[in-house]
Structures are given as structure tokens and as C-alpha cells.
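# just the structure for this:
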Amino acid sequence: MSIRNTSDADSGQVRRLKYALADDLSSKGYIHTPAWRKAFERVPRHVFVPRFFLDREHTGRYEPVDGSNPGQHDEWLTSVYSDETLITQLDGTDCHGVAPRLGGQTVAGRGMATRFTVPSAPAKSSGLVV
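Residues are numbered from 1 along each chain as shown. Next comes the predicted model:
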């Protein structure tokens, strides 16, 4: 599959992954209301996470996984719709080495990591249930 724009991901595959994530979170007891379940079934997470870093061997060596790379597309899409935390920035740069900007200023910090996650992560640690 050749995807150049991550927002063009196969709608049938995305629909299946969204419903599977909602099922998973519901079965684990993290989603208790129809409104939250509907949000997980409708919101296209892949649009917000075009790429992320992955430490495959748990050695501290992260490599980018990019949805626009045909060889990584399936892994990227499956990961975006999983109950796993995804690292979208390391040391202030994204997977293409671009530092985020806010008001014309570069936003960066030594060791800064930005995570994109699902509600089950904070729910697990705080006892909060959505």
C-alpha cells in the first residue's frame, strides 16, 4: 500500500482499528459511557500522529515510524490505534528532526519527550475511569 498522506489511510482498516480500540478499552473497564465509546469510534487518531518514535529493543535507541512510509504504514496505523503510549518527540524534535515552534520561537528542551496516549494510561495509574 502506498500512502503519501497519512490522513488517506484506508477507511475500512481505520474503522476496524477504531472499533477494536474501543472494544479493548471497554473490556478492560476504562470506558463506561456510550459517549466516550462513541468518541473512540469516531475520532481519527492517525490524523494527529503522522509519525512517532519506537524503541524496538528497549535499549534507549529510538527509530522513527512514519505513516507516509509504505514499508511502515501497517505498523504505524496499528500502533496509533493501540492502548500504548507513543513518543512523538525526543529532545524537542519530531521524527524528521524538526523542532516545534510556538509564536515564532523554537520550543525545545534537553530530554523533552511528548507522548500521545489513550485514557487508559492515566486511568491505570490514578484510578480515573472515563
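
# go ahead and name everything in contact with the top helix by length along the chain.
If each helix of the chain is counted by residues according to DSSP state H, the longest one is helix 11-27. By Cβ atoms under 8 Å, 6 or more residues apart in numbering, the residues outside helix 11-27 that reach it are 31, 37, 40-46, 77-78, 80-83, 118-120. C-beta: built from backbone N, CA, C; applies to glycine.

# next helix or strand past it?
Going down the chain from helix 11-27, the next helix or strand is helix 34-42, by DSSP states H and E.

# so that following helix versus helix 11-27, what angle?
Going by axes from the mean of the first three to the mean of the last three Cα atoms, to 10 degrees, helix 34-42 is angled at 150 degrees with respect to helix 11-27.

# same for the helix or strand just after helix 34-42, what does it pack against?
Sequence order places helix 45-48 as the next helix or strand after helix 34-42, per DSSP H and E. Helix 45-48 sits against helix 73-80, with contacts defined as 3 or more Cβ pairs under 8 Å, 6 or more residues apart in numbering; DSSP states H and E.
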